[in-house]
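Asker: 3D model of this:
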Amino acid sequence: MNENIFYLDAKNKIVDFLGENYDDFPIKLQNRFLNFFPKMVNYEEEGHKYRPRLLFTNNIEAVIKSLPFPSKLELFRDENEHMFASRLKALVPFTSHDWCIYVNCGEDEITYGIFRNINSIKEQGLEDVIFKSPHLKDRSDKVFGIYAYAENAWAVTMKSIKGNEISINFALDIKVVNDWDGEINAFVDASFSKLKATSKKSAEIKTMYKNIFKNVLRNIHGTICVVVDQDYPTSEFRDDFLDDGIWLREPISFSKLYIQGQHNVEPKLNAISAVFMSMLEFDGITVVDNAGNILAYNVFVEANLRTSGNIMGGARKRAAYTIINSRKKLIIGVYFQSHDGEMFYAPLKK
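Answerer: Below you'll find the predicted structure:
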């Protein structure tokens, strides 16, 4: 017996969300978007994988005005929706460089292009600015916007200017659904719990960290980052549990750059952020402390099969749970991200 299983409930929820948050969303365009929707989690062109971000709106100029440092490129202008798939195929590769695709639905035409906010790494990202904009919220009965993006390899999230949000999960195991904001905020708070800085500097550093790990989630296939206490020894007196790796002779401190307040701090922040992301991309573990210092990378631990043997996943996940269950003093918590986008932050078991 042959049986076809469809995500019909998911389709209905998407249609309902569009109808509730975007008055008069074009029906024919809606159908084409529904066909494209499942591809967003594993979109591939010429051997390159992408997690595209799309904004459907009826007034791209109003959205652009809500951004402090916007840049927009219009690339296509059509009379109808027939070229939707071809237009997205041409635009998706730009999204790997922090550009977002827009589809602007006018009365007589549809325009396509890309846009972004040319902001500092220590400032809120594009979607945060758009969905917190009082300018857009006050006009949400006239200016409509639906932002859709692949959260990871099995979930697509849609947000609206009206303040609503929905996530469609393609995984069969409901337990893998993550609250990314909640998990990353817990990790960031742990990473700076002993930082001595003004509230303004502290907020900027935390925003920068969140931006870095948002890029990690989108662009790096897997990583582990361990947070230790600032008193954790980094010399020959270090516990051999995390000894197998590359420990920096001088820890890299994001906080010092902020506190020094140099004129060239922005280029240095970008350069060090790139170094940090490269470390996170290495096999093994990156170690940071809770005062905003990068201590080590390419660190390995021997998986404890007694405590991690029943964990479903590969070597990286077993290593993460080995640390979580180790009860080692001065180790605070573990950020884990798998190759398919599963992620969590977990404090050490005490």
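Asker: how many neighbours does the spatially closest residue to Met343 that is not a sequence neighbour have?
Answerer: Excluding its sequence neighbours, the residue lying closest to Met343 (C-beta to C-beta, 6 or more residues apart in numbering) is Gln337, at 4.3 Å. (C-beta placed from N, C-alpha, C; glycine too.) Neighbour count for Gln337, taken as other C-beta atoms under 10 Å: 26.
Asker: and what of Ser133?
Answerer: 18.
Asker: do you know how far it is from Asn290?
Answerer: 33 Å (C-beta to C-beta, to the nearest Å).
Asker: go on, Ser193?
Answerer: Relative to Asn290, Ser193 is positioned 5 Å away (C-beta to C-beta).
Asker: Of the two, which one has the most company?
Answerer: The neighbour comparison of Ser193 against Asn290 (other C-beta under 10 Å) goes to Asn290, with 21 against 15.
Asker: so what's that one up against?
Answerer: 190-195, 227-230, 332 (C-beta atoms under 8 Å, 6 or more residues apart in numbering).
Asker: Reformat the residues you listed as CSV; add pLDDT and secondary structure.
Answerer: Formatted as CSV, the contacts of Asn290 follow (pLDDT from 0 to 100; DSSP: H, G, I helix; E, B strand; the rest coil):
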residue, pLDDT, secondary structure
Ala190, 94, helix
Ser191, 94, helix
Phe192, 93, coil
Ser193, 92, coil
Lys194, 92, coil
Leu195, 88, coil
Val227, 96, strand
Val228, 94, strand
Asp229, 94, coil
Gln230, 91, coil
Ile332, 95, strand
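Asker: Narrow the residues you listed to just the buried residues.
Answerer: Of all the contacts of Asn290 considered here, the ones buried according to neighbour count by 16 or more other C-beta atoms under 10 Å are 190-192, 195, 227-228, 332.
Asker: could I get those as CSV with distance to Phe94?
Answerer: Listed next are the buried ones among the contacts of Asn290 as CSV, based on distance: C-beta to C-beta, whole Å:
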residue, distance to Phe94
Ala190, 34
Ser191, 31
Phe192, 33
Leu195, 36
Val227, 34
Val228, 38
Ile332, 38
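Asker: between those, which is nearest Ser96?
Answerer: The nearest member of the buried ones among the contacts of Asn290 to Ser96, counting by C-beta to C-beta, is Ser191 at 26.3 Å.
Asker: Where does the residue nearest the centre of the chain sit, in terms of helix or strand?
Answerer: Central residue of the chain (C-alpha atoms, centre = their mean): Lys214, 3.0 Å from the mean position. Using DSSP states H and E, Lys214 sits within helix 199-219.
Asker: Show me what that helix is packed against.
Answerer: Other helices and strands packing on helix 199-219, by 3 or more C-beta pairs under 8 Å, 6 or more residues apart in numbering; DSSP states H and E, are helix 180-191, helix 254-260, helix 265-281, strand 331-337.
Asker: if you compare the ones you listed, which one is most tucked away?
Answerer: strand 331-337 (a mean of 23; mean count of other C-beta atoms under 10 Å).
Asker: Tell me the strands beside it, with direction?
Answerer: Here strand 331-337 is paired, per DSSP bridges, with strand 223-228 (antiparallel), strand 343-347 (antiparallel).
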